[in-house]
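**Student:** Quick one: sequence and predicted model below, then my questions.
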Amino acid sequence: MIVPELFIGFLKVGCFSFGGAYGAIPLIRDVVLSNGWLDEEMLTYMIAVSESTPGPIMVNLATYVGSSQAGIFGSLAATLAVVLPSFVIILLVTALLTALLKSPYVQAVLRGMKPCMAGIILATGVYMIVRNGLAVRDGALLIRPLVLTLALGAIYFGSRKIKKGGISPILLICVSAAAGVVAYGL
């Protein structure tokens, strides 16, 4: 029966693929071609389709190969097999981290890292504003109005969020989209 073969083949892919989906493609290719589930041309087409459809490439490929070989049970077996190792690893890490996070030493390290991370994020933001908002032409300092306006808006909204307890992310996305249309679309 092919369903156990699909499960074992894609379990190997799930266990031994590192570096994301693109790093897993050679392993998937090896498993699929060595078992004769697809030919090289069809596998190439399915990689292209898996990249253009929503979801992880490995899951999309496993689902398609399983479906093409054994229908719904094949797709379920291949999909379960490819995600099972990651699921188990995340469960183990979560269990270990939960216990580790209760340690007073780890709590002290995390409390010490918060201001450092805030500083790094702030420094990156200031650097990007200065780098993209200022320009020197013919020895004169020019301020790009759009970047300066967006920076001031971000500072305003950031301070408002702190004071009032929140801003809608949807509103920020819409405002940013409108600013982009005005600046670059007109």
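**Tutor:** Yes, it's here. Keep in mind that what you see is a predicted model, and the values were worked out from it rather than measured. Residues are numbered from 1 along each chain as shown.
**Student:** Low-confidence stretches in the protein?
**Tutor:** Residues of the chain meeting the criterion pLDDT under 70: 19-20, 125, 128-129, 131-133, 142-148, 151, 157-169, 172, 180, 183-186.
**Student:** can you give me the helices for this structure?
**Tutor:** Secondary structure of the chain by DSSP state H: the helices cover 2-16, 21-35, 40-52, 57-101, 104-133, 145-164, 169-180.
**Student:** what about the nearest residue to residue 106 once chain neighbours are set aside, how many neighbours?
**Tutor:** Nearest residue to residue 106, sequence neighbours excluded (C-beta to C-beta, 6 or more residues apart in numbering): residue 100, at 5.7 Å. Every C-beta, even on glycine, is put in place using the N, C-alpha and C of the backbone. Close neighbours of residue 100, defined as other C-beta atoms under 10 Å, add up to 11.
**Student:** Please verify my assumption that residue 100 contacts residue 107.
**Tutor:** No - the pair residue 100 / residue 107 is not scored as a contact, 10.1 Å apart, by C-beta atoms under 8 Å.
**Student:** wait, isn't residue 62 in contact with residue 9?
**Tutor:** No - checked against C-beta under 8 Å, the pair residue 62 and residue 9 is beyond contact range at 9.1 Å.
**Student:** Spell out which residues are contacts of both of the two.
**Tutor:** Taking C-beta atoms under 8 Å, 6 or more residues apart in numbering as the criterion, residue 62 and residue 9 both touch 78, 81.
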